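**Student:** sequence below, structure please.
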Amino acid sequence: MSLCCRYLSKLSQENERQSVIYHMFPVCPNRNKIWISKCKRHDHINVKYARICSDRFRPSDYMDGMKNRLLGLNQKKILKPDAVPSVNLPLQDNVEDI
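**Tutor:** Model prediction:
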């Protein structure tokens with residue numbers, strides 16, 4: 001079972017369903033640091049194993065799966081290369097982004 005690296009909020013616990021996708025941390029060191037800072041964890045995050053759930057991203061953070069759409073297959077959620085967790089984060093994070 002995968003868990004979101006954000007604190008286990010009610011949202012993460014309720015969303016242990018198939019529609020939630022767990023994304024690995026980016027390999028790029030700069031983007032990796034941004035994702036870690038968005039998590040607002042006080043303990044160490046082992047990015048090799050940590051995941052962030054799809055509830056932390058906006059629909060616009062995903063690429064259009066045109067190939068799957070044209071073939072009539074299930075849509076696969078693929079994050080854009082510059083996507084950053086920005087939804088359902090601590091309040092202070094949302095204020096800083098504005």
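**Student:** buried set for the top helix by length along the chain?
**Tutor:** Ranked by number of residues, the top helix in the chain under DSSP state H is helix 29-39. Neighbour-count burial for helix 29-39 flags 35-36, 38-39 (criterion: 16 or more other C-beta atoms under 10 Å). Every residue, glycine included, has its C-beta placed from N, CA and C.
**Student:** just give me the closest of those residues to Asn74.
**Tutor:** Nearest to Asn74 among the buried residues of helix 29-39 is Trp35, at 26.4 Å by C-beta to C-beta.
**Student:** now that closest one: how far from Ser54?
**Tutor:** For Trp35, the distance to Ser54 equals 14 Å [C-beta to C-beta, to the nearest Å].
**Student:** same check, this time on Leu79
**Tutor:** 9 Å.
**Student:** okay, and the common contacts of those two?
**Tutor:** Residues within reach of Leu79 and of Ser54 at once, by C-beta atoms under 8 Å, 6 or more residues apart in numbering, are His23.
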